[in-house]
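Participant: How does the following fold in three dimensions:
(2 chains)
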Protein chains: 2
Amino acid sequence: MRRQRPIIATLAILAAGAGIAAIAAAAVKPETAIAYRQAGYTMLGWNFGPMAQMVRGKAPWDATEFALRAERVAQIAPQLLEGFPPGSDTGATTDAKPEIWKNMDDFKAKMNDLVEQSKRLAEVAKSGDEAKMKEQFKQTAAACKACHDKYRSEE
Amino acid sequence: MRRQRPIIATLAILAAGAGIAAIAAAAVKPETAIAYRQAGYTMLGWNFGPMAQMVRGKAPWDATEFALRAERVAQIAPQLLEGFPPGSDTGATTDAKPEIWKNMDDFKAKMNDLVEQSKRLAEVAKSGDEAKMKEQFKQTAAACKACHDKYRSEE
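Facilitator: Residues are numbered from 1 along each chain as shown, chains lettered A, B, ... in the order given. As a prediction, the model looks like this:
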């Protein structure tokens, strides 16, 4: 089979928009999607935690580890959206509010903001500039919070 | 704080060896490490599944999606090892055999083989060459199986 355009270009298009979610939406059980997205957030948290500790001064500053964690967050963030296919709003174990599927465009916008902020974080972290890394970390954390405040159940 | 060598070079060194595991091993509860590594395998499986379906002819061949999945597997694979810090061999919910921690060098070698094979898969997938992609997929799957056979409990 011949490709119709370079795969990398297509990947970039997919990663930039909602295309990724469409790929995985077919024939996925809600519980499978829920487990997947929760896995994504678990991996995000594992990498976000040590950065937060450093930013808050609760762990020694380590620019190398920070950059590694930032790169991983930037890799995982674009993988989250496809964990929210239509129909995966039900499930006793999910903290995702039904409002996500009622406001999917807004949810995608917030998710894309996380993707963008975490991408910037990984870029800034390559510089090793502590002040800039800390500032961009806060921007990234704010992107997390903006979505959690509206779309994650705290019950 | 000034860096002593370029961060990217350091990251490459870390990613290539056991350094990553050392970073996260400090002060991590066993259950947290277990949840993290299980999340990693969940994300691997989510991306591996659609590729396997294509390779087995159970889903239409889609070189673009294959390449996206391959890239994600290549990103996640290097993140697994740090989910096996010392002391995380206990836990009712883990399928990881205690043999891992008794043979850590062999386990790391098998994990590094997965990292290498999945990296090759992502590279090959950029070419869009169906036959080569399928062949390298099998090599990657074999790397998974080699570790599972020895170190994952099937009970």
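
Participant: drop to CA atoms for contacts and neighbour counts, all remaining ones
Facilitator: Fine.

Participant: Does whichever residue of chain A sits closest to chain B fall in a helix, a strand, or a coil region?
Facilitator: For chain A and chain B, the shortest gap (C-alpha to the nearest C-alpha) falls at A:A39, measuring 4.2 Å. Here A:A39 is recorded as helix under DSSP: H, G, I helix; E, B strand; the rest coil.

Participant: mind listing what it touches?
Facilitator: Applying C-alpha atoms under 8 Å, 6 or more residues apart in numbering or on different chains to A:A39 gives the contacts B:Y36, B:Q38, B:A39, B:G40, B:T42, B:M43.

Participant: Go again with 7 Å.
Facilitator: A:A39 makes contact with B:A39, B:G40, B:T42, B:M43 under the criterion C-alpha atoms under 7 Å, 6 or more residues apart in numbering or on different chains.

Participant: try A:Y151
Facilitator: A:Y151 neighbours (C-alpha under 7 Å, 6+ apart): A:A96, A:K97, A:E99, A:I100.

Participant: repeat for A:C147
Facilitator: Here A:C147 is in contact with A:K110 (C-alpha under 7 Å, 6+ apart).

Participant: Need the pLDDT of it.
Facilitator: With respect to pLDDT, A:C147 has a value of 96.

Participant: secondary structure element for A:L121?
Facilitator: In this structure, A:L121 sits in helix A:104-125 according to DSSP states H and E.

Participant: same for the strand or helix carrying A:A67, what does it pack against?
Facilitator: Assigned by DSSP H and E, A:A67 belongs to helix A:63-76. Judged by 3 or more C-alpha pairs under 7 Å, 6 or more residues apart in numbering or on different chains; DSSP states H and E, helix A:63-76 is in contact with helix A:30-55, helix A:104-125.

Participant: If we use 8 Å, what do you get?
Facilitator: Helix A:63-76 is packed against helix A:30-55, helix A:104-125, helix B:7-16, helix B:63-76, with contacts defined by 3 or more C-alpha pairs under 8 Å, 6 or more residues apart in numbering or on different chains; DSSP states H and E.

Participant: before we move on, back to that, show the model's pLDDT score for the residue of chain A closest to chain B.
Facilitator: pLDDT at A:A39 comes out at 97.

Participant: any idea of the angle the helix holding A:A67 forms with helix B:63-76?
Facilitator: Interaxial angle of helix A:63-76 relative to helix B:63-76 (axes from the mean of the first three to the mean of the last three C-alpha atoms, to 10 degrees): 150 degrees.

Participant: Now do helix A:63-76 against helix A:30-55, angle only.
Facilitator: Using the same axes, to 10 degrees, one finds that helix A:63-76 and helix A:30-55 are set 160 degrees apart in direction.

Participant: hmm, back to that, list the buried ones in the helix holding A:L121?
Facilitator: A:107-108, A:110-125 (16 or more other C-alpha atoms under 10 Å in any protein chain shown).

Participant: Give me every residue in contact with it, excluding its own residues.
Facilitator: For helix A:104-125, the external contacting residues (C-alpha under 8 Å, 6+ apart) are A:16-18, A:63, A:66-67, A:70-71, A:73-74, A:77-78, A:81, A:100, A:132-133, A:136-137, A:139-140, A:143-144, A:146-147, A:151.
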